[in-house]
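1. Take a look and give me a structure for this.
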Amino acid sequence: MSQETPLFGKTFDLLVYLLQASEKFPRGYRLGLGRRLQEVGLGFIDLLLDARKCSVEARPALLQRADVELDRLRYTVRLCQELSLLTPKQYQHAAGLLAETGKLLGSWIKRYNEP
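-> This is a model prediction of the structure:
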């Protein structure tokens, strides 16, 4: 991952962290909320990869979709914390990674929204 942009590196770190954490959820949550966390996280990185490889004209729409998916991921992580599936320390770490990822994505989106 060393040749990737910071956004991809940070997203990768976030996904590794969340996927490992979700494997430790109690069984009743692992199949529902744990799977949802995994699917949303993987869907987010899929959109970033699509945006990286698509035409310049299609990129803004994919980046907007990625931004929406990142919001879904934020709310899913918050829900996990509210249900005590993540410790306060785990939530703080995940929230920090989400914030950094959001800033990096916002910079990429901004590049395509400037006149």
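
2. okay, how far is it across stretch 81-88, tip to tip?
-> 7 Å (Cα to Cα, to the nearest Å).

3. What residues of that stretch count as buried?
-> Going by neighbour count (16 or more other Cβ atoms under 10 Å), the buried part of stretch 81-88 is 81, 85-86. The way it works is simple: take the backbone N, C-alpha and C, and place the C-beta from them, glycine included.

4. try stretch 14-26
-> The neighbour-count check on stretch 14-26 (16+ other Cβ under 10 Å) flags 14-15, 18, 21-22, 25 as buried.

5. which residues are in contact with that stretch?
-> With contact meaning Cβ atoms under 8 Å, 6 or more residues apart in numbering, stretch 14-26 is reached by 30, 33-35, 37-38, 41-42, 45, 77, 80, 85-86, 90, 93-94, 97-98, 101.

6. Please tell me I have it right and residue 112 contacts residue 60.
-> Yes: between residue 112 and residue 60 there is a contact at 4.4 Å, judged by Cβ atoms under 8 Å.

7. Closest to residue 108 out of the buried residues of stretch 14-26?
-> Of all these, residue 14 has the smallest distance to residue 108: 15.7 Å, by Cβ to Cβ.

8. tell me the mean pLDDT for stretch 49-56?
-> Mean per-residue pLDDT for stretch 49-56: 94.

9. Figure out how far that stretch is from the centre of its chain.
-> Stretch 49-56 sits 17 Å away from the centroid of its parent chain (Cα atoms, centre = their mean, to the nearest Å).

10. Repeat that for stretch 50-57.
-> 19 Å.

11. List the buried residues in it.
-> Within stretch 50-57, the residues scored as buried using 16+ other Cβ under 10 Å are residue 51.

12. got the CA coordinates for that stretch in PDB?
-> Extracted in PDB, the C-alpha atoms of stretch 50-57 (Å, rounded to 0.1, in the frame of the first residue of the first chain):
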ATOM      1  CA  ASP A  50     -14.000   3.000  -9.100                       C
ATOM      2  CA  ALA A  51     -13.500   6.700  -8.800                       C
ATOM      3  CA  ARG A  52      -9.700   6.300  -9.200                       C
ATOM      4  CA  LYS A  53     -10.100   4.300 -12.400                       C
ATOM      5  CA  CYS A  54     -13.000   6.000 -14.100                       C
ATOM      6  CA  SER A  55     -13.100   8.900 -16.500                       C
ATOM      7  CA  VAL A  56     -12.700  12.400 -15.200                       C
ATOM      8  CA  GLU A  57     -16.300  13.200 -16.200                       C
END
